[in-house]
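>>> what's the 3D shape of this:
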Amino acid sequence: MNLLLFETTQGRVLPVGERRPAGPDPSPAAGDSRWQRLKQQVVDAYRKLKDQFDYWEGLCADLRHADGVRVVHPSSLSADDAQKKLRDFFDSSYSKHGRWLVVDGVLAGLGAILTPIPGPNIFFFYPAVRALSHYFARAGAARASRLKPTFEEDARLDRVQSCAGDLEGCQELITELEGSYNLENLATILKNL
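The predicted structure is shown next:
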């Protein structure tokens, strides 16, 4: 999986990566029990909503399937600095998603009390979907921390960083990076940095 490192306006370095094609996430075991149907509904809701969650949460969730990571960094960062900043990102993500997993898990548990009431139970489903998403993101951050990434430099990232205020002027370069590293919507992601 390709990860490109970009610096934010606050000086943080964030990865931008190729998204895993929509494939099958592990589904709960098939069954007719109420518990099995409920788990399947939560997984289905996650699949429908996952593109609306934070980009880096989705990126971490996708990394739980990665067999290897190729990190591309600008020439302004050494490979050692890139490795340290990427490790900081994964450690921070692991911690953040672990905390939110607990919060959303507790909220889902409290909402589960309302499950017997007829009608849609948003007090259970949304926190349950968010808890599942944080679980996947935490698992992806943990897996990425264990992988041994390869690091390479690409001067095109420096040029894109230099026109952060005018991304339309770099559209050709952005399109070139998208093609080279199998990325989608790079300009939109860079605007959010």
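>>> quick check: longest helix in the protein by residues?
Longest among the helix segments of the chain by residue count, using DSSP state H, is helix 79-112.
>>> enumerate the positions of that one that are buried.
Buried positions in helix 79-112, judged by neighbour count with 16 or more other Cβ atoms under 10 Å: 82, 85-86, 89-90, 93-94, 96-97, 100-101, 104-105, 107-108, 111-112. Yep, even glycine has a C-beta here, placed from its N, CA and C like the rest.
>>> and whatever helix or strand L14 lives in, what does it pack onto?
Element membership for L14 (DSSP states H and E) is strand 13-17. Judged by 3 or more Cβ pairs under 8 Å, 6 or more residues apart in numbering; DSSP states H and E, the packing partners of strand 13-17 are strand 2-7, helix 55-63, helix 79-112, helix 186-191.
>>> so can I have CSV of these showing mean pLDDT and distance to S180?
As requested, these are exported to CSV (pLDDT from 0 to 100; distance: least, Cβ to Cβ, whole Å):
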stretch, mean pLDDT, distance to S180
strand 2-7, 92, 9
helix 55-63, 94, 18
helix 79-112, 94, 18
helix 186-191, 87, 11
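>>> any idea how many residues pack against R70?
Neighbourhood size, R70 [other Cβ atoms under 10 Å]: 15.
>>> show me what it is bridged to.
On the basis of DSSP bridges, R70 takes part in beta bridges with N2, T150.
>>> and G179, which of the helices and strands packed on strand 13-17 is closest to it?
The minimum distance between G179 and these falls on helix 186-191, with 10.2 Å, by Cβ to Cβ.
>>> buried sites along the closest one?
The neighbour-count check on helix 186-191 (16+ other Cβ under 10 Å) flags L186, I189, L190 as buried.
>>> cool, thanks, talk later.
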